[in-house]
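**Student:** Pasting the sequence and the predicted coordinates here, then a few questions.
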Amino acid sequence: MKTALITGANKSIGYEAARQLLQHGYYVYLGSRDWQRGQQAVSQLQSEGFSQVEPLQIDVTDSASITAARQTLGQKTSVLDVLINNAGILGGMSQPALTASIGMIKEVFETNLFGVIEVTQAFIDLLQQSPAPRIVNVTSGLGSLTLHNDPSWPYYPVKGAAYQPSKAALNAYTIMLAYELRDTPFKVNAVDPGYTATDFNHHSGPGSVADAAARLVKAAMLGPDGLTSQFFSDDNAPETGISPW
């Protein structure tokens, strides 16, 4: 049975990705910063008939929490097949480049970039035991530097000094990680779930949580001939599904 860890999975897209992986027969460790909320999410999934799921407390901005989560997971399994780095924050709604709070920018990067790096490094040994390991870094279409410099792009005016740069940096880390793992069975990709109606954006997005999660799950289940070191985004590139960086 394949195993998966999803961070920030007690609600929204991460939670739905857990459900979809469970439907595909995976054993899912549902990562949540808050233990109680993680348990509540697992209880809900179990009430739907899914038994192969359990909570894992992990705060991606807390090194001690990450270490504890790795130790806990290591006591339960010696192999991790999928890591979905889903936990992320938006930061303040106003992020002008000249006046955005440095503290707020650092807070966003702590979760969206440094948290991903530290979690990946902590769990890489378990992933290396899998015959077909997959790492999915949940990014945003707003992380495309190419499109941010294109006035014809529909989201061209949507600029910010914290969230967008954090996702652009995450994309860059994804490329570096994929390169380092290029001669192994790993598939490492950045996936844009799309502009989705969630608490994250006050339910302003037009996309559904189910469709967004399906994009993550698709990358998590790539076969041996699947692509690696890609920026998958159906929103940015509806024809090819691969966004410019």
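**Tutor:** Nice, thanks for sending it over.
**Student:** Run through the strands of the protein in chain order.
**Tutor:** All strands of the chain, identified by DSSP state E, fall at 3-6, 27-32, 53-57, 82-85, 134-138, 187-191, 231-232.
**Student:** Would you reformat those as CSV and include distance to residue 240?
**Tutor:** For the C-beta atoms, the positions are set from N, CA and C on the backbone; glycine is no exception. Formatted as CSV, the strands of the chain follow (distance: least, C-beta to C-beta, whole Å):
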stretch, distance to residue 240
strand 3-6, 26
strand 27-32, 30
strand 53-57, 34
strand 82-85, 22
strand 134-138, 19
strand 187-191, 14
strand 231-232, 10
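**Student:** Mean neighbour count, the ones you listed: which tops it?
**Tutor:** strand 82-85 (a mean of 28; mean count of other C-beta atoms under 10 Å).
**Student:** before we move on, the earlier item: switch the strands of the chain over to TSV; also include mean pLDDT.
**Tutor:** Listed next are the strands of the chain as TSV, based on pLDDT from 0 to 100:
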stretch	mean pLDDT
strand 3-6	99
strand 27-32	98
strand 53-57	98
strand 82-85	99
strand 134-138	99
strand 187-191	98
strand 231-232	98
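**Student:** Grab the CA positions of stretch 150-159 and hand them over as PDB.
**Tutor:** C-alpha atoms of stretch 150-159 as PDB (Å, rounded to 0.1, in the frame of the first residue of the first chain):
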ATOM      1  CA  ASP A 150       3.300  40.300 -19.600                       C
ATOM      2  CA  PRO A 151       0.700  43.100 -19.600                       C
ATOM      3  CA  SER A 152      -1.700  40.900 -21.700                       C
ATOM      4  CA  TRP A 153      -1.900  38.300 -18.900                       C
ATOM      5  CA  PRO A 154      -5.400  38.500 -17.200                       C
ATOM      6  CA  TYR A 155      -3.700  38.600 -13.700                       C
ATOM      7  CA  TYR A 156      -1.000  41.100 -14.600                       C
ATOM      8  CA  PRO A 157      -2.300  43.700 -12.200                       C
ATOM      9  CA  VAL A 158      -2.400  41.200  -9.300                       C
ATOM     10  CA  LYS A 159       1.000  42.100  -7.700                       C
END
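**Student:** I'd like to check what contacts the lengthiest helix in the chain. Which residues are they?
**Tutor:** Across the chain, the longest stretch assigned as helix under DSSP state H is helix 163-180. With contact meaning C-beta atoms under 8 Å, 6 or more residues apart in numbering, helix 163-180 is reached by 90-91, 95, 105, 108-109, 112-113, 116-117, 120, 135, 137, 139-140, 142-145, 148, 158, 186, 188-190, 228-229, 231, 245.
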